[in-house]
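A.B. asks: Task: produce atomic coordinates for the following.
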Amino acid sequence: MSENTKFWKTPPETYAKLNAEFGPFDFDPCPYPIPEGYDGLVIPWGNCNFVNPPFHKSDGINGKGPTAFVRKAIEEQKAGKTSILVLPVQSYVNLLLEAGAELRSLGRLRWREVITGEPMRGPSPICCFILRPFSCKAIADYEKGDMT
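C.D. replies: Here you go, the predicted model:
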């Protein structure tokens, strides 16, 4: 962890809402305060996990950031466990999700340079967002702000 590391706790009302919907949570692999010698990435997780990981590698134990916790959650999923991860995203991602977008991974697309056709070196992971038309009822619900 860097000497400038700050820890940020999940707002209690957000935690309570998620716990009511998905819990009860029985394990937190990213507790605060962090016990000495603790590493939530190397121990088995509970059956229903609340995961608020470090948002940057520099803030994590041994330089491990959100990707390491996502990989661990996937490993735990394969063992039949549930994990609720809270992660930062760009604001446009939340806008798309709130509008009902479906998501699909396109992997690391090797975009082509427009003149030469040369593939991009080191492409970033790309996600495809699909927005389908709403039914009339869904449009009315969306306009009222009721997308539950």
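
A.B. asks: What ranges does this protein have for its helices?
C.D. replies: Counting by DSSP state H, the chain has helices at residues 12-22, 66-78, 91-98, 136-144.

A.B. asks: and the ones you listed, which is most packed in?
C.D. replies: Using mean count of other C-beta atoms under 10 Å, the stretch among the helices of the chain with the largest mean neighbour count is helix 66-78, at a mean of 16. From N, CA and C alone the C-beta is placed, and that goes for glycine too.

A.B. asks: Residues in contact with that one: which ones?
C.D. replies: Outside of helix 66-78, the residues within contact range by C-beta atoms under 8 Å, 6 or more residues apart in numbering are 29-30, 40-41, 44-45, 49, 51, 53-56, 60, 83, 85, 87-88.

A.B. asks: Buried ones among those?
C.D. replies: The neighbour-count criterion (16 or more other C-beta atoms under 10 Å) marks Pro29, Cys30, Gly40, Leu41, Trp45, Asn49, Val51, Pro53, Pro54, Gly60, Ser83 among the contacts of helix 66-78 as buried.

A.B. asks: I'd like those as JSON lines, with distance to Cys128 and pLDDT appended.
C.D. replies: Converted to JSON lines, the buried ones among the contacts of helix 66-78 look like this (distance: C-beta to C-beta, whole Å; pLDDT from 0 to 100):
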{"residue": "Pro29", "distance to Cys128": "30", "pLDDT": "96"}
{"residue": "Cys30", "distance to Cys128": "30", "pLDDT": "94"}
{"residue": "Gly40", "distance to Cys128": "31", "pLDDT": "95"}
{"residue": "Leu41", "distance to Cys128": "29", "pLDDT": "96"}
{"residue": "Trp45", "distance to Cys128": "30", "pLDDT": "98"}
{"residue": "Asn49", "distance to Cys128": "28", "pLDDT": "98"}
{"residue": "Val51", "distance to Cys128": "25", "pLDDT": "97"}
{"residue": "Pro53", "distance to Cys128": "25", "pLDDT": "93"}
{"residue": "Pro54", "distance to Cys128": "28", "pLDDT": "88"}
{"residue": "Gly60", "distance to Cys128": "29", "pLDDT": "73"}
{"residue": "Ser83", "distance to Cys128": "24", "pLDDT": "98"}
